[in-house]
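# Curious how this folds, go ahead:
(chains A and B)
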Protein chains: 2
Amino acid sequence: MAEHVAALEKSLKKLLEEKKYQTLKDVLTTMNGADVAAVFEDMDEERTPLLFRLLPKELAAEAFAELSPELQEHLITGFSDKELHELVSELYVDDAADLVEEMPASVVKRILAQADPQMRKEINEILRYPDNSAGSIMTTEYVSLRPNMTIAEALQRIRRTGIDKETIYTCYVTEERRILGTVSAKDLLLAQDQNTPVSEIMDEHVICVNTLTDQEEVAQMLSKYNFLALPVVDADNRMVGIVTFDDAMDVLVEETTEDIEKMAGMLPSEKTYLRSDAWDLFKHRIPWLMLLMVSATFTGMIITGFESALSAQVVLTAFIPMLMDTGGNSGSQASVTVIRALSLGELELNDLPKVVWKEIQTAVLCGVALATLCFGKIMVFDRLILGNTSISVMTAFVVCATMAVTVLIAKIVGCTLPMAAKKIGFDPAVMASPFITTIVDALSLLVYFTIANALLF
Amino acid sequence: MAEHVAALEKSLKKLLEEKKYQTLKDVLTTMNGADVAAVFEDMDEERTPLLFRLLPKELAAEAFAELSPELQEHLITGFSDKELHELVSELYVDDAADLVEEMPASVVKRILAQADPQMRKEINEILRYPDNSAGSIMTTEYVSLRPNMTIAEALQRIRRTGIDKETIYTCYVTEERRILGTVSAKDLLLAQDQNTPVSEIMDEHVICVNTLTDQEEVAQMLSKYNFLALPVVDADNRMVGIVTFDDAMDVLVEETTEDIEKMAGMLPSEKTYLRSDAWDLFKHRIPWLMLLMVSATFTGMIITGFESALSAQVVLTAFIPMLMDTGGNSGSQASVTVIRALSLGELELNDLPKVVWKEIQTAVLCGVALATLCFGKIMVFDRLILGNTSISVMTAFVVCATMAVTVLIAKIVGCTLPMAAKKIGFDPAVMASPFITTIVDALSLLVYFTIANALLF
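Alright, predicted model coming up:
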């Protein structure tokens, strides 16, 4: 939490204890919705309804939309029908739809009963769309204009209807709900002649998305084009809503967190870390841990297969962790770079040959550098300084040759698997460190024992 | 690249070959700056100046700001002074500052010579601020209003000066460059009485950042408060510029990519993957690979220390990869979760005890589940199915006990190190998988051999 809010929180708690409600109200009114929500999350749950009733209507709705589902439910439970009605009417329809999605059935029933028929219809429309689609994050509240309106009329319309819209800064010129063009509030304000019809100043090259477009793609388009909002159209090409930049920012952050969780071998979670209990964390972490542990059986089998060689030259065992780790790290570097580039749209599947060639070149550079350093380290540190004479020059050579080959294999596997996953429709992010490490471990041991067998026995 | 752009690109190339310049111009004019830039990046470099000259001035500036530094330099080299002057006057000042920062000295000199004195001053001001600070990403072009202006006068001022501003949607009411409040274009448009002074409708609770505030913090504030822009003030509390949401979105994406690169053991890179050659990739990847390889020396020394035990019970070696990998994966899960929560501001340093306690609970759950599965796997798969009778029940027990203890240690190390790094002012992101894995490897082997020594020999 920002420092200024943490400082405020102390005073608010004190004022609440002293029951100075008027002062509390005055202070809360100066605050931003997101900050009020942060303060509420840190309060005793029982005190929140009292505090919430002190907020002016608009701020109350703003803060409510930012609260955790648990606290939202707690507050609603304490509301009278009238209070609930007031809150719901003040919410933007996309926030109301989010709320309905999070609440248990009994609460949903109360919310929908208190929503105006028009809002109820719009909430239901948004809820029809699949999770993570443009339809599910859009709002149906946008300003639409007719093509033959003059600029003065358009400004008049914004004045009349704008108050309830999530943004008035991009207006959509439509005819029978088909988009003819967009006009920005800036264009309307800066226009010279107030009698020009909007169809003359509108931008006809409209970029829009479908209700089913993936939310991450929508967010990336908003970010790429620096738009405030993107219109959403249905299968018949009729406009049904807009996605605004603030929701797009949230999506970017959420989707990246999901990618990062997957890359670290976890199932993505919707709860923040502090809100997850140990059981939540366990459920999201154990599947990959188990899968990867069982996969390590192969690595164990490879070692068992070379048991006789290992017992003849126990010194070989000492280098297993270094070879495995370096292989794993080299592979992760390649896979994580490729996964991120894919998710940012910098790489396409048909770039695969370019990618593999680049990784091979990089692997040769890294392999040579690492093998040289490793050879030096073994000869100087292990043999001279530690005096471990059981390591022959040939052993050092075997280790370093394995190192170079492992890095090469790791980089190729690391860049290929995420692209292969994407090709067959899987999420590339699961092909990151843990998975790549397990595969590269087995391969590096195979290389190690093969080279050792050829040169040492 | 979006499909509709890829399709357009083909036609554009064809039109260019056929020298149908008027048609080319008409088509380009319908496109968005970001898409034009994407097309340019894919063209033969020699053809880009010709194509660029076909663009209308405003679109040319928009597209130019989105081009790679290499292509920007190529284009500028071909420009006459007059062309360069036209381009520079059309650029937003923050884009011009970015350009100056990327170009070699000789090109910078030409750019600054062609900028108006006012713009030159503003560019230099932005360049004074350290990299990654609010000052370095802000623009100095914003709308400022006087407190005693009426709403009608304010709208008039926007009409007169707005054309050159990056946003007109948030206006700043200032007196001697100190911010008194903000007024949104929405408030101005929706106001009932045009004669009200702006000081009466302005929002006095202004949230602003300092020129030296870290850009990531600025981006997160914009995202948290859903603002279109945040004002930037200098050390004397005087307003010097604004950071707009589109730049904040770019910062969020960039900073996350940096975090992800660090988490995978790479030095962060500014170039995209396809623009980096093997040598770039090598330079960013080799330092961590070398460091981690050398650190693995400790793991090797631990194994060497237990060489006699290992040669007596070679079967123990077969479980080393599984124990190391499971430890590494458990640790990465904890560290990556904590790193992400820290970077999103969900966790503070004083949450450490809560975090450690949560990870211990999770580790016990994971440890018990993994140890049980592992015991079953060894007894059924390794002993019964593979018939590996050299694995005694006691050996299986040693492996599973090590597994449980390793998971516990890994989770504690994994959650503690990133927070410790942050505490002493390092970036928590470097305390991710590769680093944690190396530490946990050594610790898990120590546990393994200690338990084995106690129970098996």
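
# shouldn't residue A:173 be in contact with residue A:202?
Yes - the pair residue A:173 / residue A:202 is scored as a contact, 4.9 Å apart, by C-beta atoms under 8 Å. C-beta: built from backbone N, CA, C; applies to glycine.

# Who's the closest spatial neighbour of residue A:439, skipping the chain neighbours?
Distances taken as C-beta to C-beta, 6 or more residues apart in numbering or on different chains place residue A:413 nearest to residue A:439, at 6.0 Å, with adjacent residues excluded.

# tally of neighbours for the nearest residue to residue A:67 once chain neighbours are set aside?
In this structure, residue A:67 finds its nearest non-sequential neighbour in residue A:37, 5.1 Å apart by C-beta to C-beta, 6+ apart. Residues near residue A:37, counting by other C-beta atoms under 10 Å in any protein chain shown, number 19.

# can I assume residue A:37 is in contact with residue A:66?
Yes - the pair residue A:37 / residue A:66 is scored as a contact, 3.7 Å apart, by C-beta under 8 Å.

# Sketch out the low-pLDDT regions of chain A for me.
Within chain A, the ranges that satisfy pLDDT under 70 run A:1-4.

# those strands in it, which residues are they?
With strands called from DSSP state E, chain A shows them at A:144-145, A:170-175, A:178-184, A:209-210, A:229-233, A:239-244.

# which ones are touching residue A:101?
residue A:127 (C-beta atoms under 8 Å, 6 or more residues apart in numbering or on different chains).

# one more time with 10 Å, if that's ok
For residue A:101, the contacting residues are A:69, A:108, A:123, A:126, A:127, A:131, A:136, by C-beta atoms under 10 Å, 6 or more residues apart in numbering or on different chains.

# Serialize those residues to CSV and add fields for distance to residue A:357 and neighbour count.
Output for the contacts of residue A:101, formatted as CSV (distance: C-beta to C-beta, whole Å; neighbours: other C-beta atoms under 10 Å in any protein chain shown):
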residue, distance to residue A:357, neighbour count
A:69, 49, 16
A:108, 55, 16
A:123, 52, 25
A:126, 46, 23
A:127, 48, 14
A:131, 38, 8
A:136, 40, 20
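
# So which of those residues is the closest to residue B:409?
residue A:69 (34.7 Å; C-beta to C-beta).

# Check the burial of the closest residue to that closest one other than its chain neighbours by counting its neighbours.
Once flanking residues are discounted, residue A:69 sits nearest to residue A:102: 4.1 Å by C-beta to C-beta, 6+ apart. Look at residue A:102: counted by other C-beta under 10 Å, it has 15 neighbours.

# Now do the helices in the stretch 1-150 of chain A.
Listed in chain order, the helices of the stretch 1-150 of chain A (DSSP state H, counting those that start in this stretch) span A:3-17, A:21-29, A:33-42, A:48-53, A:57-66, A:69-78, A:81-90, A:93-102, A:105-114, A:117-127, A:134-137.

# Now find how far off-centre the first one is within its chain.
This points to helix A:3-17. 32 Å (C-alpha atoms, centre = their mean, to the nearest Å).

# tell me the angle it makes with helix A:33-42.
When axes from the mean of the first three to the mean of the last three C-alpha atoms, to 10 degrees is applied, the directions of helix A:3-17 and helix A:33-42 differ by 60 degrees.

# List the buried residues for helix A:3-17?
Residues of helix A:3-17 classed as buried: A:5, A:8, A:9, A:12, A:15, A:16 (neighbour count, 16 or more other C-beta atoms under 10 Å in any protein chain shown).

# From residue A:31, how far off is the fourth one?
Read that as residue A:12. Distance, residue A:12 to residue A:31, using C-beta to C-beta, to the nearest Å: 9 Å.

# which residues do those two both contact?
If you check residue A:12 and residue A:31 against C-beta under 10 Å, 6+ apart, the residues they both contact are A:5, A:39.

# Count the residues that sit near the residue nearest to residue A:439.
Residue A:413: 22 surrounding residues under other C-beta under 10 Å.

# about what we covered before: make sure the residue nearest to residue A:69 is actually in contact with residue A:96.
No - the pair residue A:102 / residue A:96 is not scored as a contact, 11.0 Å apart, by C-beta atoms under 10 Å.

# Give me the common contacts of residue A:37 and residue A:66.
What both residue A:37 and residue A:66 touch, as defined by C-beta under 10 Å, 6+ apart, is the set residue B:224.

# Residue numbers of the stretch 1-150 of chain A in contact with chain B?
Proximity of the stretch 1-150 of chain A to chain B (C-beta under 10 Å from any C-beta of the partner chain) is limited to residues A:1-2, A:4, A:6, A:29-35, A:37-38, A:62, A:65-66.

# What residues are bridge-paired with the nearest residue to residue A:202 once chain neighbours are set aside?
Leaving aside its sequence neighbours, residue A:202 sits nearest to residue A:181 (C-beta to C-beta, 6+ apart; 3.2 Å). Applying DSSP bridges to residue A:181 gives these bridge partners: residue A:173.

# Residue A:145 reaches residue A:185, doesn't it?
No - using C-beta under 10 Å, residue A:145 makes no contact with residue A:185, being 11.3 Å away.

# Quick check: neighbours shared by those two?
Residues within reach of residue A:145 and of residue A:185 at once, by C-beta under 10 Å, 6+ apart, are A:154, A:158, A:171.
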